[in-house]
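Colleague: could you work out the structure for the sequence below:
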Amino acid sequence: MFAGMDRTGHATGHPRTRSRRGRGAHDVVFAGTRTVSRMLLPSTRQPTICASFSVLKRFVLTIMLERSDGTSAKSASLVPMLAGGPSQEDLLLLIADGAAGSYDLDRIRLMKAAFLVDQKGPEGWAGTFAFRPYTYGPFDSDIYIARDALVDEGLLSSEPGRRYHAYKVTDAARSRLADIERKIGKPHADWVRGIGLWVTERSFSSLIQSIYAEYPAYAEHSALVRK
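Modeller: Reported below is the predicted structural model:
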């Protein structure tokens, strides 16, 4: 569904869905690092890992390898996952920073963009959101709280749009965005921005239909689906 960049910022024309822990082909996560890149070489099926570190007292290394026969080896976590990933506010701000399509970044597109980040983002970000099926598909009320906090802090502007209010990053947000990019790495930051662009390039009906088609479980309570 979403094409353009994968989690490491590499170009892709195919949908990206998150591999759950213990089931993925290859996954290396450094929690709290500045940059993480992951790639599986198709010719050798051997992992290539590139990472740039900030100075840390502790870090997490979680490795999942796939055997040559295609089955998953048992994952190993050296220490418990630390709280060092992006916050809800961080991710919403990156989404807004990339929202350069012809449609406004309204509350519905912001919600759906956050859902795509939740579903397709790195394993280390799991649990940042808590989506459930609702009237217009996946919904997490905490996103509105995070959005309002960004508006109150002057990092997002809120202006009347075509139907709902439209949200845009302000000049005051540039320093915060730079901090987020340093925290999670530019490839990941640009990937989130790419989702912000993707949702603002599509009409409401096209966006909803695309998400319902890929995630039908989240359409079960939708007012837009004929029973």
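Colleague: what domains does the record give for this protein?
Modeller: Split into domains by automatic domain parsing, the chain comes to 4-77, 88-219.
Colleague: mean pLDDT lowest where, among those domains?
Modeller: Ranked by mean pLDDT, the domains of the chain bottom out at domain 4-77, which scores a mean of 36.
Colleague: which residues does residue 104 contact?
Modeller: Residues in contact with residue 104 (Cβ atoms under 8 Å, 6 or more residues apart in numbering) are 161, 162, 164, 166, 167, 200. To be clear about C-beta, it is placed using only N, CA and C from the backbone, and glycine gets the same treatment.
Colleague: which element is it on?
Modeller: Using DSSP states H and E, residue 104 sits within no helix or strand.
Colleague: show me what counts as buried in stretch 133-148.
Modeller: 133, 134, 136, 137, 138, 139, 140, 143, 146, 147 (16 or more other Cβ atoms under 10 Å).
Colleague: one step back: the contacts of residue 104 in strands, which ones?
Modeller: 166, 167 (DSSP state E).
Colleague: which of the contacts of residue 104 are buried?
Modeller: 166, 167, 200.
Colleague: quick one on the thing from earlier: show me which of the buried residues of stretch 133-148 is closest to residue 86.
Modeller: Nearest to residue 86 out of those is residue 146 (Cβ to Cβ; 11.2 Å).
Colleague: so what's that closest one up against?
Modeller: Residue 146 neighbours (Cβ under 8 Å, 6+ apart): 87, 88, 89, 92.
Colleague: which among the residues you listed gets closest to residue 195?
Modeller: Lowest distance from residue 195 to these (Cβ to Cβ) belongs to residue 92, with 11.1 Å.
Colleague: spit out the contact partners of the closest one.
Modeller: 110, 114, 143, 146, 147, 150, 156.
Colleague: touching, the last one and residue 150? I think so.
Modeller: Just to be clear, that refers to residue 156. Yes: counting by Cβ atoms under 8 Å, residue 156 does reach residue 150; the two are 4.2 Å apart.
Colleague: which residues do these two both contact?
Modeller: Counting by Cβ under 8 Å, 6+ apart, the contacts common to residue 156 and residue 150 are 92, 93, 96, 173.
Colleague: please report the distance of the first one from residue 118.
Modeller: In other words, residue 92. Distance of residue 92 to residue 118, computed by Cβ to Cβ, to the nearest Å: 12 Å.
Colleague: what segments of this structure are strands?
Modeller: Under DSSP E, the chain gives strands at 4-5, 11-12, 27-31, 35-40, 47-52, 60-64, 76-77, 132-134, 137-139, 156-160, 165-169.
Colleague: re the thing from before, out of the buried ones among the contacts of residue 104, who's nearest residue 102?
Modeller: residue 200 (7.1 Å).
Colleague: that closest one - nearest residue in space that isn't next to it in sequence?
Modeller: The spatial neighbour of residue 200 that comes closest, neighbours along the chain excluded (Cβ to Cβ, 6 or more residues apart in numbering), is residue 101 at 3.0 Å.
Colleague: can you check residue 192 too?
Modeller: residue 94 (4.0 Å).
Colleague: in TSV: the buried residues of stretch 133-148, plus distance to residue 207.
Modeller: As requested, the buried residues of stretch 133-148 are exported to TSV (distance: Cβ to Cβ, whole Å):
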residue	distance to residue 207
133	16
134	15
136	10
137	9
138	12
139	14
140	17
143	16
146	20
147	18
